[in-house]
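Chemist: Okay, predicted coordinates and the sequence, questions at the end:
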Amino acid sequence: MSDKKLKSVSGNAFDLGLLIRVLRYVKPYRAMFTFTTFMVIFSALLAPLRPYLIQYTLDETIIIPKPGLLKTMILLIVGILILEGIVQFLQTYLANWLGQSVIRDLRVDVYRKITHFRLKYFDQTPIGTLVTRAVSDIETIADIFSDGVLIIIGEILKLSVVLIVMFILDWRLTLICIIPIPVLLWATNIFKNYIKVAFQDVRTEVSKLNAFVQEHITGMFIVQIFNREKQEMDKFKAINARHRDAHLRTVLANSIFFPVVEILSAASIALLIWWGSREVLDGVVQYGDLVAFILYIYMIFRPIRQLADRFNTLQMGMVASERVFKVMDTEAQITGSGKNLKPSIDGTISFKNVWFAYNDEDWVLKDVSFDVNKGQRIAIVGATGAGKTSIINLLSRFYEYNKGAIEIDGTDIRDFDAAYLTRRVGIVLQDVFLFSDSIYNNITLNNPNIDRNLVIEASKKVGAHKFIERLPGGYDFDVKERGGMLSVGQRQLLSFIRAYIYNPSILVLDEATSSVDTETELLIQGAIDQITEGRTSIIIAHRLATVQHADVIIVMDKGQILEAGSHQELLKKDGAYRKLYELQFV
Ligand SMILES: Nc1ncnc2c1ncn2[C@@H]1O[C@H](COP(=O)(O)OP(=O)(O)OP(=O)(O)O)[C@@H](O)[C@H]1O
Ligand SMILES: [Mg+2]
């Protein structure tokens, strides 16, 4: 147990602010919460009743035989037993129901929050972490309800009620019984601390396993191409072995602790019988008392043993909720004052001395200025890493620029409502992302307002209809995860349809870098010509053949604009563009 490990689990089970924040999610289920609390209290009060009735039955109906009363007492005890069972059932079911309802709501909130984060946030936060927050951390929070607060309160209450009843019945016998309890508390404390660290280790190893398997299945082809199977397998085996060890540590702790508790409760019973039997013989204590006390002893030892577990669960829940709320408190949304809400936009774009860096002062765009008039088609070309995609990232408000201004229709894009702008600026990204769903759903993204005929019409325009028709199931063909069943060119065409179908006033295309065969290349070029026709558009091109029809071509290098003009003008200029052109065509 290193200090570092202990530190990583130092979340406080009694962080009241945090607890209140979690409990706020109970509000919609207030009635159920109250009822469950009532059940917990009721069950605590009910606990000492049965041993007391047993004692009474023994002393009053068996030792002094009264068959009639005995029958009544047995019926009463069975009745109480059934009642206890029902209360126990309600308590467990309702506490879990509450927990699951709360995390359902919380998960929706967290997911909604995540969907609104801007891209910069995802650059800095591993996907695996966010998945853990939205899935397993939230799961742990449910335990605060099912195993945590209410149950702990219930158990402490039960413990106190039982002890009080015991003292009232016979304070000397009670004192004898609780002699081993300090030892139990001491053992419990050791166990609690040990298992806390062990559980945390298990969780860490599980998340490492998750991350490793996920990443390596995604990148399996790289592993195979470079023959790294053995090395990666060794890494996997190491993590897997650490997981087993961590898990075994929790098992070890449990399997030592539980027998210790059994031994201590046996010791308590032994003390009781040793002392009690003498008292019985002396006629000070009755038989029934002894039997009742044996039952009471189990009622004290079991909750104490479980409290250790429950506190750990509560603590884990608190640590998890702290992490989840941290995501909830992150301010990384795309904002916009939303002042400008004209029904449509004309579609002029103007970059005015724009400076931008992803990190600090690492300028990716340096003083970039250009204008696109309504209906104009401009193309941006330049070496890889020149900053072309970054221009799109700013225009789509994925990132915030540092200096200068970007205007659409003469209004700063930060003054638009984010959703308003997204609807009017169509963007096709360089890396096409498809969901494992049908082609149709991938185009409409499950928007029910898009008509099927519109989709077919758009695919005809883009020139994708023919290949889609040929697929098994046509538009209902399942493209599988990330569109694995389609070629790069086909995926790009789908992404064109996706943007085109919204009939955006401005269209921004980032051409895929991957090379495609000549036929597909012609298809893509035709598609670009079609969908940018008469529309303000920015085309980021990697193949100069694509850009020759553009009204203005901008040549970029290292975040700056080198030259701009039409194809003919730039060729005449004999500058960077001409060099690029000659490299590709001559
Ligand atoms: N998310 C990011 N975080 C930090 N730096 C980034 C990020 N994305 C890009 N960069 C950096 O910004 C610079 C410009 O990248 P950009 O993607 O705009 O180039 P590009 O012109 O689109 O290149 P390509 O032709 O390869 O698509 C590069 O140096 C890159 O390393
Ligand atoms: Mg790019």
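Modeler: Okay, I see it. Ligands and ions are numbered 1, 2, ... in the order given.

Chemist: just checking, next helix/strand downstream of the one helix or strand Leu94 maps to?
Modeler: Using DSSP states H and E, Leu94 sits in helix 67-115. Sequence order places helix 119-124 as the next helix or strand after helix 67-115, per DSSP H and E.

Chemist: With just CA atoms, put that next one into CSV.
Modeler: C-alpha atoms of helix 119-124 as CSV (Å, rounded to 0.1, in the frame of the first residue of the first chain):
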residue,chain,number,x,y,z
LEU,A,119,-13.6,19.9,-29.9
LYS,A,120,-10.8,21.4,-27.9
TYR,A,121,-12.1,19.6,-24.9
PHE,A,122,-12.0,16.2,-26.7
ASP,A,123,-8.4,17.0,-27.8
GLN,A,124,-7.4,17.1,-24.2
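
Chemist: Can you name the element that comes right after that helix?
Modeler: Once the chain leaves helix 119-124, the next helix or strand it forms, by DSSP H and E, is helix 127-132.

Chemist: Wondering if that following helix reaches ligand 1 at all.
Modeler: No: interface with ligand 1: helix 127-132 contributes nothing (C-beta under 6 Å from any ligand atom), its closest point being 13.9 Å away. (Each C-beta comes from the backbone N, C-alpha and C, glycine too.)

Chemist: Determine the set of other helices and strands touching the next helix or strand after that helix.
Modeler: Downstream of helix 127-132, the first helix or strand assigned by DSSP H and E is helix 138-143. With contacts taken as 3 or more C-beta pairs under 8 Å, 6 or more residues apart in numbering; DSSP states H and E, helix 138-143 sits against helix 67-115, helix 287-329.

Chemist: residues making contact with the helix or strand just after helix 138-143?
Modeler: Downstream of helix 138-143, the next assigned helix or strand under DSSP H and E is helix 149-169. Residues from elsewhere that reach helix 149-169 (C-beta atoms under 8 Å, 6 or more residues apart in numbering): 19, 36-37, 40-41, 43-45, 47-48, 52, 91, 95, 173-174, 177-178, 289, 292-293, 296, 299-300, 303-304, 306-307, 310-311, 314.

Chemist: which of these are buried?
Modeler: 19, 36-37, 40-41, 43-44, 47-48, 52, 91, 95, 173-174, 177-178, 289, 292-293, 296, 299-300, 303-304, 306-307, 310-311, 314 (16 or more other C-beta atoms under 10 Å).

Chemist: before we move on, back to that, and the helix holding Leu94, what's its mean pLDDT?
Modeler: The average pLDDT for helix 67-115 rounds to 90.

Chemist: What score does the nearest residue to Ile77 once chain neighbours are set aside have for pLDDT?
Modeler: Computed as C-beta to C-beta, 6 or more residues apart in numbering, the closest residue to Ile77 that is not its neighbour in sequence is Leu53, at 5.2 Å. Per-residue pLDDT puts Leu53 at 89.

Chemist: where's Leu53, which helix or strand?
Modeler: Taking DSSP H and E as the definition, Leu53 sits inside helix 49-57.

Chemist: Can you tell me which helices and strands that helix packs against?
Modeler: Packed against helix 49-57 by the contact rule (3+ C-beta pairs under 8 Å, 6+ apart) you find helix 67-115, helix 287-329.

Chemist: Taking the centroid of this structure, which residue is nearest it?
Modeler: By C-alpha atoms, centre = their mean, the mean C-alpha position of the chain lies nearest to Ala134, the distance being 1.4 Å.

Chemist: From Leu81, how far out is the residue nearest to Ile77?
Modeler: Leu53 is 10 Å from Leu81, where distance means C-beta to C-beta, to the nearest Å.

Chemist: Among these two, which residue is more densely surrounded?
Modeler: Between Leu53 and Leu81, Leu53 has the larger neighbour count (other C-beta atoms under 10 Å), namely 19 against 12.

Chemist: if I pick that one, what's in contact with it?
Modeler: Contacts of Leu53 were listed using C-beta under 8 Å, 6+ apart, and they are Met73, Leu76, Ile77, Ile80.

Chemist: Spatially, which two of those are the most separated?
Modeler: For those, the farthest-apart pair by C-beta to C-beta is Met73 and Ile80; their separation is 10.5 Å.

Chemist: what about these two, which has more around it?
Modeler: Per other C-beta under 10 Å, whichever of Met73 and Ile80 has more neighbours is Met73, with 19 against 16.

Chemist: show me the contacts for the more buried one.
Modeler: Neighbouring residues of Met73 by C-beta under 8 Å, 6+ apart: Leu53, Tyr56, Thr57, Thr61.

Chemist: residue contacts, the third one?
Modeler: When you say that, I think you mean Thr57. Here Thr57 is in contact with Leu70, Met73, Ile74, Ile77, Gly288 (criterion: C-beta under 8 Å, 6+ apart).

Chemist: For the residue in the chain that ligand 2 sits nearest to, what is the enclosing helix or strand?
Modeler: Relative to ligand 2, the nearest point of the chain is Thr389 (3.0 Å; C-beta to the ion). Taking DSSP H and E as the definition, Thr389 sits inside helix 388-395.

Chemist: same deal with Leu365?
Modeler: Per DSSP H and E: Leu365 is located in strand 363-372.

Chemist: what's the very next helix or strand once past that strand in contact with?
Modeler: Note on strand 363-372: by DSSP H and E, the next helix or strand toward the C-terminus is strand 377-382. Contact partners of strand 377-382, identified using C-beta under 8 Å, 6+ apart, comprise 370, 372, 388, 391, 532, 535-542, 544, 546-547, 549-557, 562, 577, 580.

Chemist: Kindly report the domain assignment for this structure.
Modeler: Split into domains by automatic domain parsing, the chain comes to 3-329, 349-585.

Chemist: how about the last one, does it get close to ligand 1?
Modeler: Right, the one you point to is domain 349-585. Yes: judged by C-beta under 6 Å from any ligand atom, domain 349-585 and ligand 1 are in contact via 358-359, 364, 382, 384-390, 430, 513.

Chemist: If you average the pLDDT over that domain, what comes out?
Modeler: Domain 349-585 shows a mean pLDDT of 87.

Chemist: host element of Gly426?
Modeler: Under the criterion of DSSP H and E, Gly426 resides in strand 425-428.

Chemist: Check which helices and strands the following helix or strand past that strand sits against.
Modeler: Heading C-terminal from strand 425-428, the first helix or strand you meet, by DSSP H and E, is helix 439-444. In terms of contacts (3+ C-beta pairs under 8 Å, 6+ apart), helix 439-444 is packed against helix 452-462, helix 488-500.
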